[in-house]
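> Next comes the sequence, and after it the predicted model I'd like to discuss.
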Protein chains: 2
Amino acid sequence: MGFGKIKRFIIGAPIATQKAHQELIPKWKALAVLSSDALSSVAYATEEILIPLAAVATAAMIWSIPISLAIIALLLILTISYHQTIKAYPNGGGAYIVAKENLGETAGLVAGGALLIDYVLTVAVSVSAGVENIVSAFPALGQWRIVIDSALILVIMLTNLRGVRESSGIFAYPTYFFIFSMFTMLSVGFYKVFTEQVANIVPVTHQIYPEIGLFLILRAFASGCAALTGVEAISNGIPLFRSPAQRNARITLSWMSVILGTVFIGMTVLAHWFNIVPGNGETVISSLARSVFGDNYLYYVLQISVALILMLAANTSYADFPRLSSLLARDRYLPRQLASQGDRLVFSNGVLGLSFCSIMLIYFVGGDTHHLIPLYAVGVFLSFTLSQSGMVVHHLRHKELHWRKGIAINALGAVTTGIVLVVIASTKFLHGAWMVVIAIPVLVYMFKKINTHYLATGKQLSMGDQKPPFKLAPMKHTVLIPISGVHRGIIDALRYAVTMSKDVMGVYVELEPGQGERFRTEWNKWAPQVPIVVLPSPFRSLSGPLFKFVDETIDSGEVEYITVLIPEFVTTKWWHRALHNQTAFLIRAGLAFKPNVAVISVRYHLDDKNS
Amino acid sequence: MGFGKIKRFIIGAPIATQKAHQELIPKWKALAVLSSDALSSVAYATEEILIPLAAVATAAMIWSIPISLAIIALLLILTISYHQTIKAYPNGGGAYIVAKENLGETAGLVAGGALLIDYVLTVAVSVSAGVENIVSAFPALGQWRIVIDSALILVIMLTNLRGVRESSGIFAYPTYFFIFSMFTMLSVGFYKVFTEQVANIVPVTHQIYPEIGLFLILRAFASGCAALTGVEAISNGIPLFRSPAQRNARITLSWMSVILGTVFIGMTVLAHWFNIVPGNGETVISSLARSVFGDNYLYYVLQISVALILMLAANTSYADFPRLSSLLARDRYLPRQLASQGDRLVFSNGVLGLSFCSIMLIYFVGGDTHHLIPLYAVGVFLSFTLSQSGMVVHHLRHKELHWRKGIAINALGAVTTGIVLVVIASTKFLHGAWMVVIAIPVLVYMFKKINTHYLATGKQLSMGDQKPPFKLAPMKHTVLIPISGVHRGIIDALRYAVTMSKDVMGVYVELEPGQGERFRTEWNKWAPQVPIVVLPSPFRSLSGPLFKFVDETIDSGEVEYITVLIPEFVTTKWWHRALHNQTAFLIRAGLAFKPNVAVISVRYHLDDKNS
């Protein structure tokens, strides 16, 4: 089975371009593919709020409730803001596009860089958080954590190489499974609280909020903002929706926000009532589920659903990262290879790049989610801020229907997310946010360097003010054939050479003195019409004297172009290749960058049947 | 610094062919280069005899003395036998040559295979034994053993890549340092014994030989025969000697045997008198030196000399292995690349191959010398036996001066070494000798397969009964140029194409429907003389439709040969290469094995100064 067949087996038969439109998906599937990032963040957001609070005092954890409410307020503002974006950008209004169009190139590239980093982090955070929940349920797997992380990323990668439609088919059910499981846990939990079946209950209403520092509250808030990562995915993904795409996207976004808000605040309140303390090698969601259900099969079902939605969250990036890199590549800010779709209508290079980066990142932090979260939120809120600011400028420029309302909404969004960005960057700077603060300018610099190169190349290649047609004057052209002996294998090469040029010359490299003259006599019998040059080789190198001769011939100025024509054997068995001198390879490598020299192999196919 | 400069810095400037004769060396240096294998075996031979004896009873170790005497008798027979070989084969009478000439191809290949294996084992055994002696002196290094082994092999490899003369210069002094150190230790030891300064002395003469089984005695003898490995090196290395080479070689061989015999029996007797018991993580030679000198600087000096001579022993193989593989390669039993000398007059590929194999072997046995010794002696004695039997046939055929005496000597040699071979193979079979018993036939099979391929190729390539000159009729030849757009970068390619053929065709792969017709209109303005073919690509592949078109054109029978000419960019900065589609590479790979198709790149050099 060759590489081609293996590839087909794994990722499926190619899909023709004209089938592209069939890959659009209905709302309920789009919710699964595009919202899992946001929804899954409830699996770790409450925990991230509790960790800094619990580090001060158990009583301080009550602050998680007002903090969560503030985050939900932020979610509301974002949802309304993104409704505007969906309306204004029917082909997908990612932060990159919105910022670039309205705020200029640099702002666009900053947003683009921030988003690319975030997509990598989404994969790394989601997969490692998913595996942490699996490990919470089955602690024996703890030592294999990084291996499991990597294996899962590879599975998601392969699924995505098969194409969007099939991914959404595979991934739709787990989202609803998660939503259903979470609502079940919340219902059972609140039922137990209100029927006072819980021994250790701590009613919220009777609690006094202890005085703790503002910085701590802001830090807990900044950590909790991880809950909002992924909210923008739907506005980027409008091209995936069935028509009417904008309306469907707006409806899906609203659904998503309602579900996210409800589950998130429910989780936080219940965690407080059940007195869940973070740490001890178990996730908060796992502790809560164990407290609500007891250690029975319902607990395991919930944990599995959490792990699955987190895999889906990683999958969101597999829809967005390749799409954004292809946009950047089309605008000449990333290598061209990222611009085009593979034979399954997927941006395959982006899928591979994303997998590679996120596996590296997981190895780098040893598979620990908490080390990644501080890096995560900076980029998300940077792109929120740029995108909302861009929308304000958009409204000012286009003055479409209700543009004044639009400005108010998006200005509120920009200011709020801007403030949150400053809060996150300052409270989390030493915990890892500095890495993103450095990485984004580096990426922007790289984008601009790549762009400059493509523009310079384009300028050099353009026909400028020249008039058609091309002036195609023939060249003064010499063909050199390195020859080691008179045998059948060179006949085709000689015929090819005399066909392509009137100026053909054989070149014989003389390894031992005297060989050359003997060879010349023999040669003149067989091919008197082709002159032979004998090059002495005092250091027994086959290629050195040839390279020197090529240089001298070009430098003489008598020919404009030299072709080195190598008669090469092709063997039928792979191991036979090693038995022939690899001179052709050396000659090709040695002349690869010489101007006005081309190398061509004319092959003689050996028939190895009897050997 | 490019690869070429790094290579020059490490292995030195190239040496011209006419300087070859200057690389010959005087006797005292030849002794150092060619005898270190044999001389160094005293470092482990006594220990190998003692190990099986000590396993039965301490009293049984007295048997080491008669066993060593038997081995010295064998050494005498071998020395006299090899004098005959040196006389008969002035160009170097290795077992391969002698066996092949006199006993036929298979016997020669068996000897050749056995020797190649032994050269690898010599490197592995000598280096690991040397490091064991370093570790005996400095036990803290024990955990780095395999790393030190590998590093030392790499150092020896680099020294040898610089050339024979320089190697002998570097390596001559340590041999004499070892001989001097050993004689010092033996003198001090015997002086202490005779002046009765040793407390625990066990005089040999008063000892009664305890009755132990014959098999055990034979096993100890077989192990001790490791002392004789390397005796043949001088007769293989005659071409290295200054003239009169044969006489110098015979004298050197005699010197070597006397030194070897003296040191070996001296070591064994002294080890017995000083009651040295093998084991405890220390080598016998280290224990003995510690007992003789005490734990002072003389002990460390001796250990260093032992380690150095063992490195030299490894170096012997670096003279012999590449030379034998080059002989086998010239006879078409090994790949051609092994046949020729590199630019320092060294068979560089053989040097690299030997280093690789011996490092692998050391990793495989975990750096333990004792696991390698049983593998070692089988091959040595197999080649002794074949070489001596070959000499008997040689005398019978040539009937030179004193041929009857010659037959007697070599027949004795053949019979004795043959018996020893059977003893070694049977007593050591389960300890590892079986691997060599399997490996030799496998190698012989491989040699023959390679030979068959080269002969078949030679036959196919030979001009047979054809009469000169070649009939070089021009071909019906078409040039195809894949084109992605009209720009400067294709002008040279088009000029080249119209220079080489009257039948040139542009090929445009249409990724999206409609593009093709627009392109054709544009093209006809610029290059009306070059017809353009538009190939639709429903699966967005650039190379697939081109390959199909090439196949169809060849199958149509209207053209005999197709050249695919690729206009390719050359960038000045390495990272810019990644920014251009690697289509040229894919096309080249896809057409690499298609008959009657050649691929050529005509490069357009980008000037990246401003990017």
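Received the coordinates, thanks.

> For chain A, just list every one of the strands.
A:477-482, A:504-510, A:532-536, A:561-570, A:597-605 (DSSP state E).

> The ones you listed into CSV, with extra columns for distance to chain B?
Heads up, the C-betas are built off the backbone N, CA and C, glycines and all. CSV is the format used below for the strands of chain A (distance: least, Cβ to the nearest Cβ, whole Å):
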stretch, distance to chain B
strand A:477-482, 5
strand A:504-510, 9
strand A:532-536, 10
strand A:561-570, 6
strand A:597-605, 4
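
> Pipe the ones you listed into a markdown table and attach mean pLDDT and mean neighbour count per row.
Shown next, in a markdown table, are the strands of chain A (pLDDT from 0 to 100; neighbours: other Cβ atoms under 10 Å in any protein chain shown):
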| stretch | mean pLDDT | mean neighbour count |
| --- | --- | --- |
| strand A:477-482 | 92 | 22 |
| strand A:504-510 | 92 | 20 |
| strand A:532-536 | 92 | 16 |
| strand A:561-570 | 88 | 21 |
| strand A:597-605 | 87 | 21 |
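
> quick one: which of the ones you listed is nearest A:Leu412?
Between A:Leu412 and the strands of chain A, the shortest gap by Cβ to Cβ is with strand A:597-605, which sits at 63.8 Å.

> Can you tell me what sits against the closest one?
Strand A:597-605 is contacted by residues A:488-490, A:492-493, A:496-497, A:550, A:554, A:561-570, A:572, A:584, A:587-588, A:591-592, B:461, B:496, B:563, B:595, B:598-603 when judged by Cβ atoms under 8 Å, 6 or more residues apart in numbering or on different chains.

> and the residue nearest to A:Ser543 when sequence neighbours are not counted, how many neighbours does it have?
Using Cβ to Cβ, 6 or more residues apart in numbering or on different chains and skipping the chain neighbours, the partner closest in space to A:Ser543 is A:Leu586 (4.8 Å). As a burial measure, the neighbour count of A:Leu586 was computed by other Cβ atoms under 10 Å in any protein chain shown and equals 16.

> Quickly note the distance from the residue positioned nearest the centre of chain A to A:Thr369.
The centre of chain A sits closest to A:Leu354, judged by Cα atoms, centre = their mean, with a distance of 2.8 Å. Using Cβ to Cβ, to the nearest Å, we find A:Leu354 at a distance of 18 Å from A:Thr369.

> Close to chain B: what parts of the stretch 501-611 of chain A are there?
Those residues of the stretch 501-611 of chain A that sit near chain B, judged by Cβ under 8 Å from any Cβ of the partner chain, are A:501, A:511-513, A:525-530, A:538-541, A:561, A:563, A:569-570, A:576, A:578-582, A:593, A:595, A:598-608, A:610-611.

> now the stretch 51-200 of chain A, which segments are flagged as low pLDDT?
Within the stretch 51-200 of chain A, the ranges that satisfy pLDDT under 70 run A:163-171, A:199-200.

> Please repeat the previous calculation with a cut-off of 50.
Under the criterion of pLDDT under 50, the regions of the stretch 51-200 of chain A flagged as low confidence span A:166.

> What ranges does it have for its helices?
Listed in chain order, the helices of the stretch 51-200 of chain A (DSSP state H, counting those that start in this stretch) span residues A:64-88, A:95-103, A:105-137, A:145-161, A:164-194.

> bridging residues for A:Phe241?
Taking DSSP bridges as the rule, A:Phe241 bridges to A:Ile25.

> I meant to write A:Val509 there.
Applying DSSP bridges to A:Val509 yields these beta-bridge partners: A:Leu535.

> Make sure A:Lys88 is actually in contact with A:Met391.
Let me fix one detail, which is that residue A:88 is Ala and not Lys. Yes. With contact defined as Cβ atoms under 8 Å, A:Ala88 and A:Met391 form a contacting pair (6.7 Å).

> which one of these two has more residues nearby?
Neighbour totals were compared for A:Ala88 and A:Met391, and A:Met391 leads with 28 against 21 (other Cβ under 10 Å).

> which residues do A:Ala88 and A:Met391 both contact?
Residues within reach of A:Ala88 and of A:Met391 at once, by Cβ under 8 Å, 6+ apart, are A:Val98.

> neighbours around A:Gln143, how many?
Other residues near A:Gln143 come to 9 when the count uses other Cβ under 10 Å.

> Now do it against chain B, distance only.
A:Gln143 sits 25 Å away from chain B, going by Cβ to the nearest Cβ, to the nearest Å.

> can you count the residues close to A:Ile407?
Counted with other Cβ under 10 Å, residues neighbouring A:Ile407 total 18.

> Please list all residues in contact with it.
Going by Cβ under 8 Å, 6+ apart, A:Ile407 touches A:392, A:395-396.

> Tell me which of these fall in helices.
When these are checked against helices (DSSP state H), the matches are A:392, A:395-396.

> Of these, keep whichever come out buried.
Neighbour-count burial (16 or more other Cβ atoms under 10 Å in any protein chain shown) applied to the ones in helices among the contacts of A:Ile407 gives A:392, A:395.

> that older thread, got the contacts of A:Ile407 as CSV, with pLDDT and distance to chain B columns?
Putting the contacts of A:Ile407 into CSV (pLDDT from 0 to 100; distance: Cβ to the nearest Cβ, whole Å) gives the following:
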residue, pLDDT, distance to chain B
A:Val392, 94, 35
A:His395, 93, 34
A:Leu396, 92, 36
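
> Just give me the closest of those to A:Ile309.
Here the nearest of the contacts of A:Ile407 to A:Ile309, counting by Cβ to Cβ, is A:Val392; it sits at 33.9 Å.

> Please look at the closest one and A:Ala414 and confirm they touch.
Yes. Using Cβ under 8 Å, A:Val392 is in contact with A:Ala414, at 6.1 Å.

> Next one, pLDDT for A:Asn296 please.
The predicted structure scores A:Asn296 at 85 on the pLDDT scale.

> now A:Phe3
What the model reports for A:Phe3 is a pLDDT of 58.

> What of A:Met360?
On the pLDDT scale, A:Met360 is placed at 92.

> what number of residues lie near A:Ala114?
Applying the criterion other Cβ under 10 Å, we find 27 residues in the vicinity of A:Ala114.

> picking that back up, if I look at the residue nearest to A:Ser543, how far off is chain B?
Between A:Leu586 and chain B the distance is 11 Å, computed by Cβ to the nearest Cβ.

> What of A:Ala124?
Counting by Cβ to the nearest Cβ, the gap from A:Ala124 to chain B is 24 Å.

> Output stretch A:249-261 as CSV, nothing but the C-alphas.
Presented in CSV, the C-alpha positions along stretch A:249-261 are these (Å, rounded to 0.1, in the frame of the first residue of the first chain):
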residue,chain,number,x,y,z
ALA,A,249,-25.9,32.8,13.1
ARG,A,250,-27.5,35.4,15.3
ILE,A,251,-30.1,32.9,16.6
THR,A,252,-27.3,30.4,17.3
LEU,A,253,-25.3,33.0,19.1
SER,A,254,-28.2,33.9,21.4
TRP,A,255,-28.9,30.2,22.2
MET,A,256,-25.3,29.7,23.0
SER,A,257,-25.1,32.7,25.4
VAL,A,258,-28.2,31.7,27.3
ILE,A,259,-26.9,28.1,27.7
LEU,A,260,-23.5,29.3,28.7
GLY,A,261,-24.7,31.9,31.2
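
> hang on, the earlier thing: pipe the helices of the stretch 51-200 of chain A into a markdown table and attach distance to A:Ser387 per row.
Compiled in a markdown table, the helices of the stretch 51-200 of chain A are given as follows (distance: least, Cβ to Cβ, whole Å):
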| stretch | distance to A:Ser387 |
| --- | --- |
| helix A:64-88 | 7 |
| helix A:95-103 | 4 |
| helix A:105-137 | 7 |
| helix A:145-161 | 25 |
| helix A:164-194 | 23 |
